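> Sequence first, predicted model second:
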Amino acid sequence: MLEQLEPRPVNKYMGYSNLVAHINEKHGVDLRIDDMNPSYQMFYNQLAELPKITREFYYALLSRSTFVPSRETYGVRELLIRRLLNISQTRFKEEFNLLVAYNLAYLMELNEDDDWILLVATFKDEPCLVNMMEFYEVKPFDLKKIFVDLDFTCFS
């Protein structure tokens, strides 16, 4: 049985010096990596606890998501993503419940009969996901490599 146990990902978390420099330049602030690093490390650790298949589910949600200004995060209509993902309802629920359990997603009705899966963007008061996606718009990188393979080296 232990031979079939998925190993924990190799740590490719290197810090966020390039991301912090981008935030400082864009917003005219003077944030320090030491202050922000615990937030991003927490985000990384949450993702690292999940099996790879669940991180793929997270990536699928993110890749089809849009920015939801009223919640300051990214999200996707639940009905839409259920139709786009070719997995059973049971599997969908299991993957989503894991993301909820690890504080990475939640379900919210934004309008009447319009449920959205919203991705948790803030860790320790830092809008990690939003900052990462803003950086992605300026300097495109492989989102799958980051959120599935947990290779965050592009941020350092």
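Received it, and whenever you're ready, just let me know what you need.

> in what helix or strand does the residue nearest to the spatial centre of the chain lie?
The residue lying closest to the centre of the chain (C-alpha atoms, centre = their mean) is Leu129, at 5.8 Å. According to DSSP states H and E, Leu129 maps onto helix 128-138.

> list the helices and strands the helix or strand just after that helix packs on?
Following helix 128-138 in sequence order, the next helix or strand is helix 143-147 (DSSP H and E). With contacts taken as 3 or more C-beta pairs under 8 Å, 6 or more residues apart in numbering; DSSP states H and E, helix 143-147 sits against helix 52-63. The C-beta positions use only the backbone N, C-alpha and C, and glycine is treated the same way.

> Next, the buried residues of the lengthiest helix in the chain.
Ranked by number of residues, the top helix in the chain under DSSP state H is helix 33-48. Buried residues in helix 33-48, counting neighbours by 16 or more other C-beta atoms under 10 Å, are found at Met36, Asn37, Ser39, Tyr40, Gln41, Phe43, Tyr44, Gln46, Leu47, Ala48.

> could you dump the residues you listed to CSV with distance to Leu107 and pLDDT?
CSV is the format used below for the buried residues of helix 33-48 (distance: C-beta to C-beta, whole Å; pLDDT from 0 to 100):
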residue, distance to Leu107, pLDDT
Met36, 28, 83
Asn37, 30, 84
Ser39, 24, 89
Tyr40, 25, 88
Gln41, 27, 88
Phe43, 20, 92
Tyr44, 24, 91
Gln46, 18, 93
Leu47, 19, 94
Ala48, 23, 93
